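Participant: need coordinates for the following:
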Amino acid sequence: MNKKILDKTISDNTKISDLIKSLGGAKYIQSYLLSKNKNITIESIYKWKKNGIPHRYRPEIKELSNNANIILAGDSFSRNDSLENKKAEFISNTDNKESKLYMKNNNLLYLLIFITAFLLIYIVYEYNNINDLKKKISHMEETLSAISDINYDKEINSFNKINKTQNDLIDKNSLKIDEMVNENNEFKKIIKEIDIDRPNAKIKYTYNQNPNYILLYLMEIKNNIKFSTPDLGQISFISNYLNNIVIPEEIKLALNSLDKLNKLELKGHKRIIERIDANFIKLNETINKNNEPDKSLLNNIKKLIKITKTDNKTFINKKNSYSIIINTINNYNYDSSLNELNLINNNGEFDQSIQDIKHLKILYQSVNLIIKWLIFEG
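Facilitator: Okay, the predicted model is just below:
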């Protein structure tokens, strides 16, 4: 419960110590003065008992007395001696200066402590980094030392043996290819001498006598895919011969694919590209016709603003597509060419070209598979 101070009068002879007690004590007075932005210490307030209250604090003391219902009679703040008043003022000022100096020294001390702590932390951090770096360098030195001690003679000798084996195999295959080339020349001579009425019998005899002709014939088909038109007229003799010997299942599937393709009209790269060229020309003519400008003033103005729109569909750079299609076909990358054709095949103008490339893809993969099997395993 708050203690109410009754109205009372303090005379001139009342000591300042009684006033301090009546106002709530030195600590309460200090809190009140600090709230009024008046810096003072409790020690300075106790000195008022001897030296009197300095002038700069008197308005606040009067205000505090009024709040406490204390009526001050006469001059209750100071003694009659003016010298004592000046002395009290000087002492109070000195105390305030000492208080400010004390706070300033404290701030400097805190700053010094902070800087010292920061430097200690930084030194410890750098010390740990240096230790980690030393450990890493030591580990690297150990690793390098271990690597340098390893003897790679065995690995090198093993690699040399493998390399020699591969070189021998290459030389052997080179001789085999040379023999097949010579046999191919003989085969061509035989073909020229074949009677028109008995071509199939002669060819069948040739394949049965020398299977290397099969490899040469398949290589010729592979060559004609790019530079001519693939001819599968003699593929049945090859199928009959290979089916009479033990062959892998994948080779059987490849032969079946060739038998099916033999019934179709196959086209090489040249004819497929010619058809694609023609379709691109027709496509460009259609676009140019649809985009033919009107002679009206409005359309002449629109012509200045080059906006291209085709059937509300996303514009496709057909010139770039054409270049990609031609390059991928010539590089036997049929999947990429098919993907590019499907992107621009909006109205089915490239359906036939897509079908021809699919047939050519099956032919190329089947022939290539059989050739590799004949060279390395057959």
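
Participant: give me the number of residues near residue 127?
Facilitator: Other residues lying near residue 127 total 10 when counted by other C-beta atoms under 10 Å. Heads up, the C-betas are built off the backbone N, CA and C, glycines and all.

Participant: find me the pLDDT at it, would you?
Facilitator: The per-residue pLDDT reported for residue 127 equals 90.

Participant: surely residue 71 is in a strand?
Facilitator: Yes - using DSSP: H, G, I helix; E, B strand; the rest coil, the assignment for residue 71 is a strand.

Participant: quick check: closest non-adjacent residue to residue 180.
Facilitator: Once flanking residues are discounted, residue 180 sits nearest to residue 212: 4.7 Å by C-beta to C-beta, 6 or more residues apart in numbering.

Participant: let me fix that: residue 336
Facilitator: Counting by C-beta to C-beta, 6+ apart, the nearest residue to residue 336 once its immediate chain neighbours are dropped is residue 328, at 4.2 Å.

Participant: just give me the residue closest to the centre of this protein.
Facilitator: With distances taken as C-alpha atoms, centre = their mean, the chain has residue 336 as the residue nearest its mean C-alpha position (26.2 Å).

Participant: next one: that residue from residue 325, what distance?
Facilitator: Per C-beta to C-beta, to the nearest Å, residue 336 is found 8 Å from residue 325.

Participant: contacts only, for the residue nearest to residue 180.
Facilitator: Residue 212 makes contact with 179-180, 183 under the criterion C-beta atoms under 8 Å, 6 or more residues apart in numbering.

Participant: any low-confidence regions in the chain?
Facilitator: Scanning the chain with the threshold set as pLDDT under 70 gives 1-15, 72-102, 147-152, 184, 187-188, 190-211, 286-319, 378.

Participant: outline the domain layout of it.
Facilitator: Taking automatic domain parsing as the criterion, the chain consists of the domains 10-147, 171-261, 269-376.

Participant: put together TSV for the ones you listed, with distance to residue 159 on each row.
Facilitator: Formatted as TSV, the domains of the chain follow (distance: least, C-beta to C-beta, whole Å):
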stretch	distance to residue 159
domain 10-147	18
domain 171-261	19
domain 269-376	22
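
Participant: of all those, which one is nearest residue 158?
Facilitator: Smallest distance to residue 158 across the domains of the chain (C-beta to C-beta): 19.0 Å, for domain 10-147.

Participant: quick one: that closest one to chain centroid distance?
Facilitator: Centroid separation for domain 10-147 versus its chain: 58 Å, with C-alpha atoms, centre = their mean, to the nearest Å.

Participant: from now on call the first residue 34
Facilitator: Yes, from this point I'll number from 34; that puts the last item at domain 43-180.

Participant: which of the domains of the chain sits closest to residue 196?
Facilitator: Among the domains of the chain, domain 204-294 comes nearest to residue 196, with 12.6 Å by C-beta to C-beta.
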